[in-house]
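Participant: need a 3D model of the following:
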Amino acid sequence: MPSQLHKSVDKIISHLEMIESQDLDRLDFSWKGIPFTAYVENGKASTEITLTGTLGRIYYTAENAAKRKSALSQYYMSRRSKHRPYNLVNKHEIHFKEKTISRNKLDHVGVISAVTYILLALENGLLEFSSNLKSIN
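Facilitator: Model prediction:
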């Protein structure tokens with residue numbers, strides 16, 4: 001006779017197998033206090049991942065003039081390059097958007113690995129920028 005623990009483990013494994021068989025089209029998570037969403041589009045032989053995040057709000061001058069100046073400087077410097085992952089939304093929020101295309105179709109583990117790689121590759125810039133912004137949460 002199976003124990004209650006054995007039944008629970010079987011139920012969890014069954015649920016995980018069901019999830020794994022479904023396509024992953026969106027992944028919401030928080031990294032280093034920043035909310036992100038990864039949108040996933042699987043083609044026949046490739047996967048496109050669009051990673052978006054809200055880094056924070058630019059401080060008002062009365063709140064913190066130095067951080068405001070730094071954040072605006074970072075934003076305008078980023079606008080000068082070809083690669084422009086940062087956008088100013090609603091006149092004061094800084095949003096991040098990065099699109100990556102894999103030449104291979106990725107499973108769930110591959111998508112999470114790709115998102116992890118993107119975040120680690122961009123970590124210094126993301127954290128430096130967000131350190132000069134007020135959290136929206």
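Participant: tell me how far residue 133 lies from residue 51.
Facilitator: Residue 133 is 18 Å from residue 51, where distance means C-beta to C-beta, to the nearest Å. Backbone N, C-alpha and C define where each C-beta goes, glycine included.
Participant: which one of the two has more residues nearby?
Facilitator: Taking other C-beta atoms under 10 Å, residue 133 and residue 51 do not tie; residue 133 has more neighbours (24 against 21).
Participant: can you read off the pLDDT for the more buried one?
Facilitator: You'll see residue 133 listed with a pLDDT of 96.
Participant: next one: residue 4
Facilitator: The score at residue 4 is 82. That number is its pLDDT.
Participant: so where's the longest strand in the protein?
Facilitator: Scanning the chain for the strand with the most residues, using DSSP state E, yields strand 47-58.
Participant: and it, which strands flank it?
Facilitator: As defined by DSSP bridges, the strand partners of strand 47-58 come to strand 34-42 (antiparallel), strand 93-102 (antiparallel), strand 133-134 (antiparallel).
Participant: what comes up buried for the longest one?
Facilitator: In other words, strand 93-102. When burial is assessed from 16 or more other C-beta atoms under 10 Å, strand 93-102 yields the following buried residues: 93-94, 96, 98, 102.
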